[in-house]
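Asks: I would like the atomic coordinates for the input below:
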Amino acid sequence: MAKDTPTATPSIRPANKRGAARLAAVQALYQMEIGNVSLEDTLTQFAAIHLGKEVEGDEYLPADTDFFRQIVGGVIKAQLEIDPLLDKTLAEGWPVARIEATMRAILRAAAFELLKKPDIPVKVVITEYVDVAKAFFDDEAAGMVNGVLDTIAKNNAAPRPE
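Replies: Model (predicted):
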């Protein structure tokens, strides 16, 4: 959710729309887990209510709806691959199931992109999700996100074109 953002204009760059899609995907993944909401219900609700609209006084940036769907659906589809990787990468004694739900959503979405979206530069993925983490947490937590994603990128990311 983006507070105090300017009104959407046709000149918004695709990268901004992808950033908004990433933030919305994290919110959707959180909602699915906490509210036990189905994938289809979540996708429908976010497309109809949240993406590029004002909700309860908060204005949401226009988002790349297709990219949003790819992230949310992709995380659900690849979760049995993503969660063990996160467990291996997180500090010992802090498996993904033990961390806070919003942080879990951030790490899962970012790991999905690193593993399954080789067309997106690693630096972009890490920077975008560190920014999402900063929207919800302090700098220490954002630093942890950066470290975890950097480790995943170095050891497990899908090959990127030169």
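
Asks: Was I right to think residue 116 contacts residue 74?
Replies: Yes: using Cβ atoms under 8 Å, residue 116 is in contact with residue 74, at 5.7 Å. In short, each C-beta sits where N, CA and C put it, glycine included.

Asks: Tell me which helix or strand residue 44 sits in.
Replies: Taking DSSP states H and E as the criterion, residue 44 maps to helix 39-45.

Asks: Give me the distance from that helix to the chain's centre.
Replies: Offset of helix 39-45 from its chain centre (Cα atoms, centre = their mean, to the nearest Å): 16 Å.

Asks: Pull the residues that contact it.
Replies: Applying Cβ atoms under 8 Å, 6 or more residues apart in numbering, the contact partners of helix 39-45 are 28, 31-32, 37, 69, 72-73, 76.

Asks: what do you get if the cut-off is 7 Å, keeping everything else the same?
Replies: Applying Cβ atoms under 7 Å, 6 or more residues apart in numbering, the external contacts of helix 39-45 come out as 28, 31-32, 69, 72-73, 76.

Asks: Counting residues, which helix of this protein comes out longest?
Replies: helix 65-89 (DSSP state H).

Asks: May I have the helix or strand following that one as CSV, with CA atoms only?
Replies: Where DSSP H and E defines the elements, the next helix or strand beyond helix 65-89 is helix 101-116. Output of helix 101-116 as CSV, limited to C-alpha atoms (Å, rounded to 0.1, in the frame of the first residue of the first chain):
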residue,chain,number,x,y,z
ALA,A,101,4.2,-13.6,8.0
THR,A,102,5.0,-10.4,6.1
MET,A,103,8.7,-11.1,6.0
ARG,A,104,7.9,-14.7,4.8
ALA,A,105,5.8,-13.2,2.0
ILE,A,106,8.7,-10.9,1.0
LEU,A,107,11.3,-13.6,1.0
ARG,A,108,9.0,-16.1,-0.9
ALA,A,109,8.1,-13.6,-3.6
ALA,A,110,11.8,-12.5,-4.1
ALA,A,111,13.0,-16.1,-4.1
PHE,A,112,10.4,-17.0,-6.7
GLU,A,113,11.7,-14.2,-9.0
LEU,A,114,15.4,-15.2,-8.4
LEU,A,115,14.7,-18.8,-9.2
LYS,A,116,12.0,-18.6,-11.9
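
Asks: Low-confidence regions, the protein specifically.
Replies: For the chain, residues meeting the criterion pLDDT under 70 lie at 1-15, 47-61, 157-158, 160-162.

Asks: if you set the cut-off to 50 instead, what comes out?
Replies: 1-15, 53-58 (pLDDT under 50).

Asks: re earlier: so can I have CSV of the contacts of helix 39-45 showing distance to residue 20?
Replies: CSV is the format used below for these (distance: Cβ to Cβ, whole Å):
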residue, distance to residue 20
28, 12
31, 16
32, 18
69, 13
72, 14
73, 17
76, 20
